[in-house]
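[1] Turn this into a structure:
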Amino acid sequence: MKIHETLRVLRKKIGFTQKEILTDVDPSVYSRIESGKQELKVTDLKKIMDTLSLSPKEVFSNAPWDEEQHHYRTLFSYCAEHLEDKNKKKELLDYYFELSAKNKNLRELSNYFALKNFFSQKWAEINPITPEELENVYQVLAHKEYFQHYDYIIIRTAVRFLEKEKTDLLIKKIFLSPKIQAPLVNDSSYYILINAATARIYEKDYYLARKYIQIAKKQDKNRKNLNYRINLKYLENLLDYLTVGDYQYMQRIQEYIHLVKDIGDIDLARQISTDIKIVLNDIPNTLDKNSLPIVLIKEY
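    Here you go, the predicted structure:
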């Protein structure tokens, strides 16, 4: 639904009349807003939400600002869980090929990287991220003075493949430099640290992995993102097992895997099990990073 349609539906469900919404203007103004005939100002939207006691999530979960991006995220998540659906696969591939052939804005570049990162392991039609693409993106990011939401999404993907020195530079800019650090739109930036720590564990650089985990533990201070904190605790237990050797840490990981299975996320349980097997075996220096398991993060 569009935002004016959402406001109309919610108003009726809550039991307000149009006259009761914007009481400081002519009732016809709000009537035109609900019918989509008048532009909705941010100040008026705030008044409407206050009158109806609506949270932003109640409004924008039904009426996203960017319907195209909302459709992309929904399609991405569906295809990730239904890889054999040929019709949806074709729709997502058409979008991927469209992106491949054009000059991309920041949002489109973020989507392009996400598609390559996840689906290059699943579908032959999508190629992995190339070293040239990675370097071009890094050069842009390394010279930015302000990071936007979609920058964080790109970095979250890129740190799986970047050399550790380049990853470290970006992490310092984002998390340890008050001059450059931007207000976070959502929790997307947190997973930069999850992916960076995972990459260092694969490379057996446990010192840097520990450093990133310690930085990560200082994020989400209000403890709102349970999924993030669970992923972080899993990584910390894995690193403790690798460095301390106490089997209690592996027992905690196995309990986590059983819990994930019990709630029905079989794919995630399988990915974590594969992750552990790779880490506990000797990892060749020439290992293709595109072949490493990917944990699907659904808040794009």
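
[2] And the average pLDDT for stretch 151-166 is what?
    What stretch 151-166 shows for mean pLDDT is 94.

[3] Quote the end-to-end distance of that stretch.
    Stretch 151-166 has its terminal residues 15 Å apart, counting by C-alpha to C-alpha, to the nearest Å.

[4] And for stretch 17-25?
    First-to-last residue span, stretch 17-25, C-alpha to C-alpha: 14 Å.

[5] and it, how far from the chain's centre?
    Its chain's C-alpha centre and that of stretch 17-25 lie 38 Å apart, by C-alpha atoms, centre = their mean, to the nearest Å.

[6] buried stuff in it?
    For stretch 17-25, a neighbour-count test (16 or more other C-beta atoms under 10 Å) marks Gln18, Ile21, Leu22 as buried. Placement of C-beta: from N, CA and C, glycine included.

[7] Surely the last one touches Val29?
    Yes - shown here, Leu22 and Val29 form a contact pair, counting by C-beta atoms under 8 Å, at 6.1 Å.

[8] mind listing the helices for the stretch 101-250 of the chain?
    In the stretch 101-250 of the chain, the segments counted as helices under DSSP state H, counting those that start in this stretch are 106-119, 131-142, 149-158, 164-175, 190-202, 206-217, 226-244, 247-262.

[9] quick revisit: what's the closest of the buried residues of stretch 17-25 to Asn231?
    Minimum distance to Asn231 across these is 42.2 Å, recorded for Ile21 (C-beta to C-beta).

[10] Can you read off the pLDDT for that closest one?
    On the pLDDT scale, Ile21 gets 93.

[11] Pull the contacting residues for it.
    Arg11, Tyr30, Lys47, Ile48, Thr51, Leu52 (C-beta atoms under 8 Å, 6 or more residues apart in numbering).

[12] 7 Å instead?
    Arg11, Tyr30, Ile48, Thr51 (C-beta atoms under 7 Å, 6 or more residues apart in numbering).

[13] Skipping adjacent residues, who's closest to it in space?
    Leaving aside its sequence neighbours, Ile21 sits nearest to Tyr30 (C-beta to C-beta, 6 or more residues apart in numbering; 4.9 Å).

[14] Next, count neighbours for that neighbour.
    24 (other C-beta atoms under 10 Å).

[15] Just the element for it, please.
    In this assignment (DSSP states H and E), Tyr30 forms part of helix 27-34.

[16] Show me what the mean pLDDT comes to for that helix.
    Helix 27-34 comes out at a mean pLDDT of 91.
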